[in-house]
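> Would you be able to build a 3D model of this:
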Amino acid sequence: MVNVPEVVLQSVDKRYRTGAAALEGISFEVERGEFVAFLGPSGCGKSTLLRLVSGLSAATSGSVRVNGMTPDNARELMSFIFQDSTLMPWRTVAENVGLSLELEHAAPPLRSERVDRMLNLVGLTHVARRYPRELSGGMKMRVSIARALASRPRILLLDEPFAALDEMTRDRMNEELLRLYEEQKWTVLFVTHSVAEAVFLSTRIVILSSNPGRIAHDVAVDLPWPRTAEIRDSLVFEQTVTGVSRLLRGVMQA
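You can find the predicted model right below:
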């Protein structure tokens, strides 16, 4: 059996109704289990690219395939986590986590078991009956992650999920995400503006140029696993961050 790449974009263009080009000539493949981070100037189309993969937006031309299918037909394989935790304020933490299971009409015992397991996975069992207004920013994001995981996705799409958090909380959330990634073996597409975050999390970094968005660089991240907090103090981490930053500056100055 031939292994099909998890995500494949071929010669993808995306234009707005005004005719302005958001993305042009985007072609790349993501293998099963890769963690790919996307960097680039503001407005280069990083978020638009995730929306094309998720099926929330359609390409103007070219081909987008997820596990060999159109994004619309592959939606059950994917979960999307946004910068805003998008929790429903009138629902408890447990009720927010179980939302996708309700929409799938899962039986109540299965729903309860899965919600309990996801909350335990992200360390939030103790706040199951609280409401979003009672949580910190980091806890809200962990609830959002638990909700995304409840549907057992193969592919996670994350659009700057930690951008609104303070640096210390963001670092902890990065470590938590990697712990879950190593356990769950997802394929991950992750948009960020932080070079250090991209280097710490990913197996590969795609740098986009702007006006319109094109792939400028595709960089393998050769850091050891598991990725622990201590690796941020290592020489190889600093060298990788410096190298990627230099490429990004070149793109922004072009």
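> Give me the spatial nearest neighbour of M118, chain neighbours excluded.
Nearest residue to M118, sequence neighbours excluded (Cβ to Cβ, 6 or more residues apart in numbering): A146, at 4.1 Å. Every C-beta, even on glycine, is put in place using the N, C-alpha and C of the backbone.
> Where does the one you found fall, secondary structure wise?
Using DSSP states H and E, A146 sits within helix 137-150.
> Just the CA atoms from that helix would do, formatted as CSV, please.
Only the C-alpha atoms of helix 137-150 are listed here, as CSV (Å, rounded to 0.1, in the frame of the first residue of the first chain):
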residue,chain,number,x,y,z
GLY,A,137,-6.3,32.7,29.9
GLY,A,138,-4.1,29.6,30.0
MET,A,139,-6.8,27.4,31.5
LYS,A,140,-9.3,28.6,28.8
MET,A,141,-6.9,27.6,26.1
ARG,A,142,-6.5,24.2,27.7
VAL,A,143,-10.3,23.8,27.7
SER,A,144,-10.2,24.7,24.0
ILE,A,145,-7.6,22.1,23.3
ALA,A,146,-9.5,19.5,25.3
ARG,A,147,-12.7,20.3,23.3
ALA,A,148,-10.7,19.9,20.0
LEU,A,149,-9.3,16.5,21.2
ALA,A,150,-12.6,15.1,22.3
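> how about the helices in the stretch 151-254 of the chain?
Here the stretch 151-254 of the chain has its helices, by DSSP state H, counting those that start in this stretch, at 167-184, 195-201, 235-253.
> out of these, deepest packed?
helix 195-201 (a mean of 23; mean count of other Cβ atoms under 10 Å).
> ok, residues contacting that helix?
With contact meaning Cβ atoms under 8 Å, 6 or more residues apart in numbering, helix 195-201 is reached by 35, 37, 39, 162, 170, 174, 177-178, 190, 192, 205, 221, 223, 227, 231-232, 237, 240-241, 244-245, 248.
> Same question for stretch 63-82.
With Cβ under 8 Å, 6+ apart, stretch 63-82 has contacts from 4, 6-12, 50, 52-56, 100, 144-145, 148-149, 151, 153-159, 161.
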